[in-house]
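J.: sharing a model that was predicted from the sequence below.
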There are 2 protein chains.
Amino acid sequence: MAVSVVLNSSASSTRVSDATRARIIEAAKKLKYRPNAVARGLQRRRMDTIGVVGVVDSEEINVYFLELLNGVIKGVDEHGQNLMVFSIHNWSEDENRIASFCDGRVDGMLLLAPRPTPHLAQLLPHHTPIVAIHNNAELPGVPNISTDSEAGAVDLMQYLIGFGHRRILHIAGPVEVTDAKQRVCGYKRALKEAGIPFETEFVVHGAYTYSSGRECMEAWLKAHEGAELPTAVFGANDAMAAGAIEALTDVGYSIPGDVSVIGFDDSLMARVCNPRLTTLRQPLREMGQRAVDILLREIDTSTTPPSEVFPTELVIRDSVGPARTTTIKI
Amino acid sequence: MAVSVVLNSSASSTRVSDATRARIIEAAKKLKYRPNAVARGLQRRRMDTIGVVGVVDSEEINVYFLELLNGVIKGVDEHGQNLMVFSIHNWSEDENRIASFCDGRVDGMLLLAPRPTPHLAQLLPHHTPIVAIHNNAELPGVPNISTDSEAGAVDLMQYLIGFGHRRILHIAGPVEVTDAKQRVCGYKRALKEAGIPFETEFVVHGAYTYSSGRECMEAWLKAHEGAELPTAVFGANDAMAAGAIEALTDVGYSIPGDVSVIGFDDSLMARVCNPRLTTLRQPLREMGQRAVDILLREIDTSTTPPSEVFPTELVIRDSVGPARTTTIKI
DNA sequence: CTGAAAGCGCTTACAG
DNA sequence: CTGAAAGCGCTTACAG
């Protein structure tokens, strides 16, 4: 009825007299009437809601995810949209769930650092626009927001090398993850360009968590007792770099006096860690926000926008200093 | 049609022959048919979704909120429900938005550390069950999940006092916040019980953020140059305690050598800070998860469950040591 | 300017 | 066992 058009102040063909308009508003107020968003959504085929799916590890808080989510929330907010958060445990085991989230309740979907199996591409419905951030595999028709991790790693390595570091331990991310691989490539390329021979034992793989950074560092020290300490440690993300700092500090090394440590992300972790972490900034908030912009455009226009690569930037704080030779004693 | 009953394997009166059942499943698979959750929700008057509203400050990441959210996600997950996140900027200015979130798209609502104005109580619809966590004001009909902050503060102060601390600076939370007030009460009560005179200048108010903790500490040092340093600092949350540590470390004091620092929450911040923070644990994850349990029960049974108070626990790490007298020089 | 009608995609009694 | 019908609460042409 007329109620609908006045309450929505919709530019319909329908005109309503001021008298009835007033009467409607009055009644609505008295009855505390609130239109039902679900019925409205069913009719409009638009829920004004986007979904975001990511794996949230309940054991250890994922600061990376959090920064991204912050940007997403900001984007959603600016566009007057709503947000549903779908948490999954595993990108391959939860394939069917992921596809089932696209069941009309969201107008579009954001994938956070997905590791899509080839099968997932089949499952994803075509009627729901999807955008990925830091995708670990091509997904046809799904634009990807990412950073050039390899170039970033090279920048960061050159900075380290500029301080005279040559024995640089790289605590890398999980082997299957695209960005982790790119960082290893950057690590190697920078060494090569500087004429420093690459040694396999200087790359170990962690799980992108604080505790795994700590464990990797401890294990390395134990395995190399009596040898020379690396003069610098390059953590593939801030959390692992911070974990490494803890391990090193616990054994009595000072940062950056005895060892320099550098991170990647410029997440919360880099700012609260002691000493504050020199790191390579990925503009995660901006990326989250941008992903929302793009997704919304895709929803509105039914066109697939192109992927985007964001620049990184070195953020210099207090955890890197000149190289200094030290022997490992535990 | 029959489609509905076989796809939902619903225990309806309706029986369907195995032949048609097979035919239906077959067709559904071929067409990649997915039932529309919105239409389903409209009919069932149940979206299997709960909402959570909280203030997410986009400037500085709110670790407290995050821990809670983690618990909520876990709870939602276990019950096979979905989650909508509504971010607001201000509990009084966004009153109308908060009320409007209860528009049928969520079956119930969780309020995270709300600061409800008296007016909000009027606005909230009665048809949507609501549960609060760490509510800062009574809200009729809204059960509250909280902790006994005052008792916690007393415990923590007694621990400090046991180490010989008498000059204890309390960086409190915002004056209007219930939990912050309770912590100040606990601070005073513990002093009184120990026969230590309370001095006004030993309580300053921050904004519960890392940077405000840092600023409060710096300001205090500057204002008291030449005086005796407090032997201990009690931050009303971990973020502010960590900020205080940074400020103290920057001026050259060592923790806990020169000054002891203690936090509140046992959030991520306490574990990654250096030295690791001794703190009073609030079981935030459990609280978030419990809030979901309670809310879902309220939704299913249409009864209002009672409020609950969770216990706190002292977590001893590395930031507290014996009292030691030092003079402030910047 | 106003009201009756159709339809969004489901579910659930109800009659054949 | 099967299919036609009503209804969830809206919106949007369309006829009076």
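T.: It's in. Numbers count the residues shown, from 1 in each chain, chains lettered A, B, ... in the order given.

J.: average pLDDT across the helix or strand hosting A:Val204?
T.: Per DSSP states H and E, A:Val204 falls inside strand A:203-205. What strand A:203-205 shows for mean pLDDT is 98.

J.: list the buried residues of stretch A:56-71.
T.: Residues A:56, A:60-71 are the ones in stretch A:56-71 that count as buried (16 or more other Cβ atoms under 10 Å in any protein chain shown). Quick note: C-beta positions are derived from backbone N, CA and C, even for glycine.

J.: touching, A:His79 and A:Ile294? I think so.
T.: No: in this structure, A:His79 is not within contact of A:Ile294 by Cβ atoms under 8 Å, at 11.4 Å.

J.: how many neighbours does A:Ile196 have?
T.: A:Ile196 has 17 neighbours, counted by other Cβ atoms under 10 Å in any protein chain shown.

J.: same thing with A:Asp179?
T.: 25.

J.: residues in contact with the residue nearest to it when sequence neighbours are not counted?
T.: Leaving aside its chain neighbours, A:Asp179 sits nearest to A:Ser149 (4.6 Å; criterion: Cβ to Cβ, 6 or more residues apart in numbering or on different chains). Counting by Cβ atoms under 8 Å, 6 or more residues apart in numbering or on different chains, A:Ser149 touches A:178-179, A:182-183, A:186, A:312.

J.: A:His79 and A:Ile294: who's more crowded?
T.: A:Ile294 (22 against 15).

J.: hang on, that one packs against A:Val131?
T.: Yes: the pair A:Ile294 / A:Val131 is scored as a contact, 5.4 Å apart, by Cβ under 8 Å.

J.: quickly list what's touching both of those two.
T.: Common neighbours of A:Ile294 and A:Val131, counting by Cβ under 8 Å, 6+ apart, are A:143, A:145.

J.: the residue in chain A that chain B sits nearest to and A:Gly162, how far apart?
T.: Closest contact between chain A and chain B, by Cβ to the nearest Cβ, is at A:Asn274 (3.4 Å). Relative to A:Gly162, A:Asn274 is positioned 24 Å away (Cβ to Cβ, to the nearest Å).

J.: of these two, which one has the most company?
T.: Shown here are A:Asn274 and A:Gly162; by other Cβ under 10 Å, A:Asn274 has more neighbours (21 against 11).

J.: what is the least confident helix or strand in chain A?
T.: helix A:2-7 (a mean of 67; mean pLDDT, DSSP states H and E).

J.: what are the ranges of the strands in chain A?
T.: With DSSP state E as the criterion, chain A has strands at A:49-55, A:82-88, A:108-112, A:130-133, A:144-147, A:168-172, A:203-205, A:232-235, A:260-265, A:278-281, A:308-310, A:313-315.

J.: got any ranges where the stretch 201-330 of chain A has weak pLDDT?
T.: Scanning the stretch 201-330 of chain A for pLDDT under 70 picks out A:330.

J.: what parts of it come near chain B?
T.: Within the stretch 201-330 of chain A, the positions near chain B by Cβ under 8 Å from any Cβ of the partner chain are A:210, A:242, A:245-246, A:249, A:268-269, A:271-274, A:285.

J.: want to throw these into TSV with distance to DNA strand D?
T.: Listed next are those as TSV, based on distance: Cβ to the nearest atom of the strand, whole Å:
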residue	distance to DNA strand D
A:Tyr210	48
A:Ala242	49
A:Ile245	55
A:Glu246	55
A:Thr249	59
A:Leu268	41
A:Met269	45
A:Arg271	45
A:Val272	46
A:Cys273	50
A:Asn274	54
A:Arg285	33
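
J.: which of the residues you listed fall in helices?
T.: A:210, A:242, A:245-246, A:249, A:268-269, A:271-272, A:285 (DSSP state H).

J.: check those residues and tell me the two furthest apart.
T.: The distance between the two most remote of these (Cβ to Cβ) is 29.3 Å, for A:Thr249 and A:Arg285.

J.: could you single out the nearest of the residues of the stretch 201-330 of chain A next to chain B to A:Arg44?
T.: For these, the nearest to A:Arg44 is A:Arg285 (30.5 Å; Cβ to Cβ).

J.: pretty sure that closest one is touching A:Ile73, no?
T.: No: under the criterion of Cβ under 8 Å, A:Arg285 is not in contact with A:Ile73, lying 9.5 Å apart.

J.: which one's more surrounded, these two?
T.: Neighbour tally, A:Arg285 and A:Ile73, criterion other Cβ under 10 Å: the higher count belongs to A:Ile73, 22 against 19.

J.: state the distance from the residue of chain A closest to chain B to A:Ala172.
T.: Distance, A:Asn274 to A:Ala172, using Cβ to Cβ: 24 Å.

J.: equivalent analysis for A:Asn135, please.
T.: From A:Asn135 across to A:Ala172, the span is 19 Å (Cβ to Cβ).

J.: now A:Val309
T.: Separation of A:Val309 from A:Ala172 (Cβ to Cβ) stands at 21 Å.

J.: neighbour count winner among those two?
T.: A:Ala172 (24 against 12).

J.: and the contacts of stretch A:314-327?
T.: With Cβ under 8 Å, 6+ apart, stretch A:314-327 has contacts from A:155-156, A:159-160, A:163-167, A:226-229, A:231-232, A:241, A:245, A:253, A:255-263, A:266, A:270, A:273, A:275-281.

J.: what residues sit buried inside it?
T.: By 16+ other Cβ under 10 Å, the buried positions in stretch A:314-327 come out as A:315, A:317, A:319-321, A:323-324.

J.: quick one: contacts for A:Val292?
T.: A:Val292 touches A:50, A:71-72, A:75-76, A:79, A:81, A:110, counting by Cβ under 8 Å, 6+ apart.

J.: if we go to 7 Å?
T.: Counting by Cβ atoms under 7 Å, 6 or more residues apart in numbering or on different chains, A:Val292 touches A:50, A:72, A:75-76, A:79.

J.: quick one: which of those has the most company?
T.: Going by other Cβ under 10 Å, A:Val72 tops those with 28 neighbours.

J.: isn't that one up against A:Ile50?
T.: No: if you go by Cβ atoms under 7 Å, A:Val72 and A:Ile50 don't touch, sitting 8.3 Å apart.

J.: common neighbours of those two, please.
T.: Residues touching both A:Val72 and A:Ile50 (Cβ under 7 Å, 6+ apart): A:83, A:110, A:292.

J.: could I get the full set of helices for chain A?
T.: A:2-7, A:18-30, A:37-44, A:63-78, A:95-101, A:118-123, A:149-162, A:178-193, A:210-223, A:238-250, A:268-272, A:284-301.

J.: hmm, back to that, pick the one among the contacts of A:Ser149 closest to A:Ala219.
T.: Among the contacts of A:Ser149, and counting by Cβ to Cβ, the member closest to A:Ala219 is A:Arg183, at 19.7 Å.

J.: measure that closest one to B:Thr231 for me?
T.: Distance, A:Arg183 to B:Thr231, using Cβ to Cβ: 45 Å.

J.: higher neighbour count, the two?
T.: Ranked by neighbour count (other Cβ under 10 Å), A:Arg183 and B:Thr231 place A:Arg183 first, with 28 against 23.

J.: pretty sure A:Leu120 sits against A:Asn96.
T.: No: in this structure A:Leu120 lies outside contact range of A:Asn96 using Cβ under 7 Å: 9.4 Å.
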